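> Generate a structure from the sequence data that follows.
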Amino acid sequence: MGAAAPRRWDNPAMASPDSADRPARLRALMRDPHFRRGLRELLPLLPGMAAWGLVTGVAMVKSGLTVGQALLMTFVVYAGSAQLAALPLLAAGAPLWVIWLTAFVVNLRFVIYSAQWRFYLGHLPRRRRALIGYVAGDVNYAMFVKNWPEPRPEPGQLPYLLGGIVVMWTGWQVASVAGILLADQVPLHWGLGFAGTLALIGLTGSLLTDRATWVSAGVAATAAVAAFALPYKLHIVVAVAAAVAAGLLMEGPGGRFGRPLRAAPGNAR
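Now for the predicted structure:
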């Protein structure tokens, strides 16, 4: 990515919720070319995610939640895989700690994402980073890293990320609410949720650009299959951890994935 002059939304002080003239800042953000590019690049992936959100909304109601409870869950949780994992436990009357633990384990991959996010967003105020961590999903992370593979802050990153978040968060919530309100008209056996999986598979394929990414993907797939019998969808966490380890080994000391394993001679920064 080429260097560019910093914009208002790349400045932590201007990005702070405490800054004055919020409407002007929002207008500046919407005019930002990186924000618009984030909107444009994430829009083609929206149909798959929306189908997944629709099915999640239907599943919440068909699992016994009231419309009010389902709406609260979709806006507070915002994690389709965790919601779908928790719903059978809610229907079965499982203890609350079991439901919380299951959702936590299913979402452990976001801990790994966060470890990578900090190289790009660590300069932002903590409150802003926490909000981004809540609204940024798998697709946002994948597209962001595809555009900025080098783990360092650069101009335009935050507007691009916010543009993608607007697409995915809004699309997911609209589809999920539609599923909640139209639960009786959308049968689960339609299998619409698989559209979201297909969208992620397509996005993953576009990220396989060199030997390291191909090997990491192969290791992740093998680990996921081998660990599939683990409870609480722990095979997802195993696969992500195995892929990260494989990528680090393939890249070697000082590789672009995360921080260098050790300083290379003559390459200290």
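
> Do I have it right that residue 42 meets residue 141?
No: counting by C-beta atoms under 8 Å, residue 42 sits too far from residue 141 to count as a contact (11.7 Å). Every residue, glycine included, has its C-beta placed from N, CA and C.

> Alpha carbons of stretch 21-38, as CSV, please.
Extracted in CSV, the C-alpha atoms of stretch 21-38 (Å, rounded to 0.1, in the frame of the first residue of the first chain):
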residue,chain,number,x,y,z
ASP,A,21,-17.9,18.4,15.9
ARG,A,22,-18.9,14.8,15.6
PRO,A,23,-21.2,15.4,12.6
ALA,A,24,-18.3,17.0,10.6
ARG,A,25,-16.1,14.0,11.5
LEU,A,26,-18.7,11.6,10.3
ARG,A,27,-19.1,13.5,7.0
ALA,A,28,-15.3,13.5,6.6
LEU,A,29,-15.2,9.7,7.2
MET,A,30,-18.0,9.0,4.6
ARG,A,31,-16.0,11.1,2.0
ASP,A,32,-12.8,9.2,2.8
PRO,A,33,-11.7,7.1,-0.3
HIS,A,34,-10.5,4.3,2.0
PHE,A,35,-13.9,4.2,3.8
ARG,A,36,-15.6,3.9,0.4
ARG,A,37,-13.2,1.2,-0.7
GLY,A,38,-14.0,-0.8,2.4
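
> ok now that stretch, how far from the chain's centre?
Remark: stretch 21-38 is offset 22 Å from the chain centroid, using C-alpha atoms, centre = their mean, to the nearest Å.

> Going by neighbour count, list what's buried in it.
25, 28-29, 32, 34-35, 37-38 (16 or more other C-beta atoms under 10 Å).

> Show me the helices in the protein, by range?
Per DSSP state H, the chain has helices spanning 12-15, 22-31, 33-42, 46-62, 67-77, 80-91, 96-106, 109-121, 126-135, 138-147, 157-181, 193-206, 211-226, 234-251. These are given in chain order.

> Could you say which of the ones you listed is packed most deeply?
A comparison of those by mean neighbour count, using mean count of other C-beta atoms under 10 Å, puts helix 46-62 on top with a mean of 24.

> Run through the neighbouring helices and strands of that one.
Packed against helix 46-62, as judged by 3 or more C-beta pairs under 8 Å, 6 or more residues apart in numbering; DSSP states H and E, are the following elements: helix 67-77, helix 80-91, helix 157-181, helix 193-206.

> just to revisit the earlier point, would CSV of the helices of the chain with mean pLDDT be doable?
Converted to CSV, the helices of the chain look like this (pLDDT from 0 to 100):
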stretch, mean pLDDT
helix 12-15, 46
helix 22-31, 81
helix 33-42, 92
helix 46-62, 84
helix 67-77, 90
helix 80-91, 80
helix 96-106, 79
helix 109-121, 84
helix 126-135, 89
helix 138-147, 88
helix 157-181, 92
helix 193-206, 57
helix 211-226, 84
helix 234-251, 75
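
> can I assume residue 171 is in contact with residue 54?
No: the pair residue 171 / residue 54 is not scored as a contact, 10.3 Å apart, by C-beta under 8 Å.

> got the contact list for residue 30?
Applying C-beta atoms under 8 Å, 6 or more residues apart in numbering, we find residue 30 in contact with residue 36.

> ok, it to residue 38 distance?
Remark: distance between residue 30 and residue 38 (C-beta to C-beta, to the nearest Å) = 11 Å.

> do residue 185 as well
Taking C-beta to C-beta, one finds residue 185 at 33 Å from residue 38.

> Give me the distance between the residue nearest the centre of the chain and residue 62.
By C-alpha atoms, centre = their mean, the chain has its centre lying nearest to residue 137, at 1.8 Å. Using C-beta to C-beta, residue 137 is found at 23 Å from residue 62.
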